[in-house]
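Asks: Using only what follows, build the 3D model:
(one chain, ligands or ions: 1)
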Amino acid sequence: MCGIVGYIGNKKASPILLNGLSYLEYRGYDSAGIAVIEVNDIVVKKDKGRVKNLSSLNGINELKSSIGIAHTRWATHGKPSMENSHPHMDNSSTFCVVHNGIIENYNELKEFLISKGYNFISQTDTEVIPNLIHYHYYNKCKSSENRFLCAVKSAINDLVGSYALEIISNLYPDRIIVVRKDSPLVIGKSENENYISSDIPAILSYTKNFYLLDDNEFAVIYNDHIDFFDENLCMHNKEIKNIEWSASAADKNGFEDYMLKEIYEQPQAIRETIGTKLSNETSCLFDDLKISADYLKTINKIYIVACGTAMHAGLVGKTLFEKLCKIQTEVDIASEFRYRNPIIDDKTLCIYISQSGETADTIAALKLAKLNGARTLAISNVIGSSITREADYTIYTHAGPEIAVASTKAYTSQVVLIAILAIFFAELLGSCDKNIISELKSDIIELPIKIEELLNNVDKIKEFAKTVYTQKDMFFLGRGIDYCTAMEGSLKLKEISYIHSEAYASGELKHGPIALIENGIIVIGIITDSNLVEKSISNLQEVITRGAKTLIITNQNIGNLNFDNVINIPSTNALISPILAIIPLQLLSYYISKNKGLDVDKPRNLAKSVTVE
Ligand code: F6R
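Replies: Model (predicted):
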């Protein structure tokens, strides 16, 4: 959580920093700040609230400097306030730092620094860092040739936790030092100017050439060159990557909100994700995935581990791997998996799904599996993200940048990619009837057109949203694969509309939760599996009898029953029906949130990328 931006070059830094922060607000938005070096003095402007508050602070437009660092915060230590906002300075105002991550041993470090005469203004963990740098600069690194870098490195040695850091000093007005561990940081290179950011989209309009900093790697960034150092401060060369995303991918492109734009981008995101991996004529092919049939034959279990929406994509994956590959598959929440001593060994393949590739629990769960001898495969949307560097294998969704906090196009792209992966495995193993695979392939290829059809007919869902946005509770019911959609639909509703909702496997309702069904409550039923139509209908009749009002999402012939609202979606193979069934539910959450006048893209208390435990 938290977003950081930096600039050094020949332009005025402050507008570039503010613009970058506005793209990174999805990572945190309770306070924001910038620091620049004006004629040998560091000037800090910061306050609680959003980036637009920062932009209107007195004097911010008068800043002339062409070097600066900036931060948008998601509070962990200390409430949102001016004092707790970043950047933070040491007591002598010589070193200035912005930080994304958590310093776990900050109390201990604070006590040490207080014993040396340092004072603290904020309640943050971050404030120890500039003071530690100051301490080392005037003690350990006094006679070092590269004194500023030595002080930063010595401070880093004292830290336990995660960090992406930008550091400036008025003693060195020509450079920014950056370093990261378990928190993302990229450097964008341009002609006589360089940019720093927590993610690529925020600076995509300035450059397409990026350095993806590794854990424990330092970069000293000047306007015309960058020096890279490993953890022992040995200088090395670093490969630059060209990122193909277009700059408009990070804009709203005429849509009112990023979430709506991203919902409408799903046909294209799926086309890009399918790419050349899947066709009717040949077997599935993943260019860089060196998994052999011999290896697959040794696997007796697949674990899919992820958080939130990505975990819901994993639940659909379980059915796909079990049905097509006949391999037992378990799905786990990363924060649970990492602490419950899961049974894994060299016969387990662990698949980790993460849009951002930076989710702390997912990364930790991956490291755990590696320690236990399992092979690991990452599914991510962000090239070079942390998870992809840790995993044995990586495959990418090609959904383009996802900015809205609520995940939409990443989810459907993840399910598509997992479906293709399951087919790829099944073809290698010969574990599934060829006709079944061939029909499934055709259904996957037709998904984008079917989503377009759904997106061209949104009136009914818009109308329904108008009638239910004042509700306090809702239920989502589904059986089999539809239960996965129910869970994802319920999560979307909670996070952006703040309506309490529960998802249940329809058959489970009568074992307790049905007690909550009362007159007028909204129940949303999903029915896409022809084998489960009758059973799902009876479960829904049970709630109707108790006064529930229903919305049914279906591609089955459910007859002319007493449902209040029915949304028909295109038919497809039940194994991939969640990709179509979720579209009306994404739109429902979106329109409910709009009717309530909420900030769809930045729901309260949330951040897009959960880089802390
Ligand atoms: C919900 C949502 C979250 C994320 C979760 C994992 O809309 O976005 O539940 O899915 O935080 O994030 P990634 O996929 O980046 O690991």
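
Asks: contacts for stretch 149-157?
Replies: 95, 129, 132-137, 140-141, 144, 163, 165, 167, 177, 179, 181, 216, 218, 220, 229, 233 (CB atoms under 8 Å, 6 or more residues apart in numbering). (C-beta placed from N, C-alpha, C; glycine too.)

Asks: What residues does the spatially most central residue of the chain make contact with?
Replies: The centroid of the chain falls nearest to Ser356 when counting by CA atoms, centre = their mean (3.6 Å). With CB under 8 Å, 6+ apart as the criterion, the residues that contact Ser356 are 184, 380-382, 385, 608-609.

Asks: Farthest-apart pair in the residues you listed, please.
Replies: By the measure CB to CB, Ser380 and Lys608 form the most distant pair in the contacts of Ser356, at 13.9 Å.

Asks: hang on, the earlier thing: quick check on the residue nearest to the centre of the chain: phi, psi?
Replies: Per-residue torsions, Ser356: phi -80, psi -30 (degrees, to the nearest 10).

Asks: Check the gap between it and Ile383 for me.
Replies: 12 Å (CB to CB, to the nearest Å).

Asks: Equivalent analysis for Leu587, please.
Replies: 29 Å.

Asks: Those two: which is more packed in?
Replies: Using other CB atoms under 10 Å as the criterion, Leu587 and Ile383 rank with Leu587 on top: 25 against 17.

Asks: In this structure that one contacts Ile263, no?
Replies: Yes: taking contacts as CB atoms under 8 Å, Leu587 lies within contact range of Ile263: 6.5 Å.

Asks: The closest residue to Thr388 other than its chain neighbours: what secondary structure?
Replies: The spatial neighbour of Thr388 that comes closest, neighbours along the chain excluded (CB to CB, 6 or more residues apart in numbering), is Thr394 at 4.2 Å. Here Thr394 takes the strand state, with states given by DSSP: H, G, I helix; E, B strand; the rest coil.

Asks: same question, Asp287
Replies: Three-state call for Asp287 (three-state DSSP): coil.

Asks: now Ser283, nearest residue through space, not along the chain?
Replies: Nearest non-adjacent residue to Ser283 (CB to CB, 6+ apart): Glu427, at 4.6 Å.

Asks: which SSE is that neighbour in?
Replies: If you go by DSSP states H and E, Glu427 is part of helix 409-429.

Asks: so where's this protein uncertain?
Replies: 1, 247 (pLDDT under 70).

Asks: Isn't Asp230 up against Lys238?
Replies: No: counting by CB under 8 Å, Asp230 stays clear of Lys238, with 10.2 Å between them.

Asks: which of the two has more neighbours?
Replies: Using other CB under 10 Å, the more surrounded residue of Asp230 and Lys238 is Lys238, with 15 against 12.

Asks: residues from the stretch 301-450 of the chain in reach of the ligand?
Replies: Residues of the stretch 301-450 of the chain lying close to the ligand by CB under 6 Å from any ligand atom are 307-310, 354-356, 359, 362, 406-407.

Asks: Roughly how far does the nearest residue to His500 once chain neighbours are set aside sit from Tyr498?
Replies: Counting by CB to CB, 6+ apart, the nearest residue to His500 once its immediate chain neighbours are dropped is Asp473, at 4.9 Å. Going from Asp473 to Tyr498 by CB to CB gives 12 Å.
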